[in-house]
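Chemist: Build me a model:
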Amino acid sequence: MKSFKPFVNLTKSEATGVYTLNSVVSLPKDYALSSIDQGLIEKDGKKIWTVTASVTTNGSTETDIVEFAVPLKQGPSEEITKVIMTVIDSSSLSTSVANTAEENRTDVNYDDAETTNP
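Modeler: As a prediction, the model looks like this:
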């Protein structure tokens, strides 16, 4: 089973108030980032903003470190206090993708965001 555990850092622009989720993921040989989506989910009765990065095989023979920054469409609210970053293998059609996603995620609270200058 491949591991796609992301490392994240959440920042908030002092000038605009926009939150950005910065992520670094080490992808195994022959994988590449294919898409990034974001949206609201509900887990255990709590609303969580989630960013999902999909990876797929690309025929490469080397491990790659992928870095990307995602300006979040949703900031914190009374109900939404956490952001989850998940990396999934979109080239796999197996039923284990959901379980793998649970292992390949990192969460961060909006309160932990670093404030950045413009």
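Chemist: and stretch 84-94, what's its mean pLDDT?
Modeler: Across stretch 84-94, the average pLDDT comes to 79.
Chemist: Give me the residues contacting that stretch.
Modeler: By Cβ atoms under 8 Å, 6 or more residues apart in numbering, the surrounding residues in contact with stretch 84-94 are 2, 4-6, 8, 21, 23, 25, 31, 34-35, 41, 48-57, 97, 100-101, 104-108. Bear in mind the C-beta positions are built from the backbone N, C-alpha and C, glycine included.
Chemist: What is the distance between that stretch and the centre of its chain?
Modeler: 11 Å (Cα atoms, centre = their mean, to the nearest Å).
Chemist: What of stretch 69-83?
Modeler: 12 Å.
Chemist: Report the buried residues of that stretch.
Modeler: Across stretch 69-83, burial judged by 16 or more other Cβ atoms under 10 Å covers 70, 72, 74, 76, 82-83.
Chemist: Report the central residue of this structure.
Modeler: Met85 (2.5 Å; Cα atoms, centre = their mean).
Chemist: which secondary structure element contains that residue?
Modeler: Applying DSSP states H and E as the criterion places Met85 in strand 80-89.
Chemist: Mind listing the strands that strand pairs with, and their directions?
Modeler: strand 46-57 (parallel), strand 105-109 (antiparallel) (DSSP bridges).
Chemist: quick one, what contacts Ser54?
Modeler: 33-37, 87-90.
Chemist: could you redo these as CSV and give each row neighbour count and distance to Val66?
Modeler: Output for the contacts of Ser54, formatted as CSV (neighbours: other Cβ atoms under 10 Å; distance: Cβ to Cβ, whole Å):
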residue, neighbour count, distance to Val66
Leu33, 19, 5
Ser34, 15, 11
Ser35, 11, 12
Ile36, 15, 11
Asp37, 11, 16
Val87, 28, 9
Ile88, 20, 14
Asp89, 22, 14
Ser90, 15, 14
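Chemist: Which member of these is positioned nearest Lys12?
Modeler: Ile36 (19.3 Å; Cβ to Cβ).
Chemist: ok, the residue nearest to the closest one when sequence neighbours are not counted - contacts?
Modeler: Using Cβ to Cβ, 6 or more residues apart in numbering and skipping the chain neighbours, the partner closest in space to Ile36 is Ala53 (5.1 Å). The neighbourhood of Ala53, defined by Cβ under 8 Å, 6+ apart, consists of 6, 23, 25, 33, 35-36, 68, 85-88.
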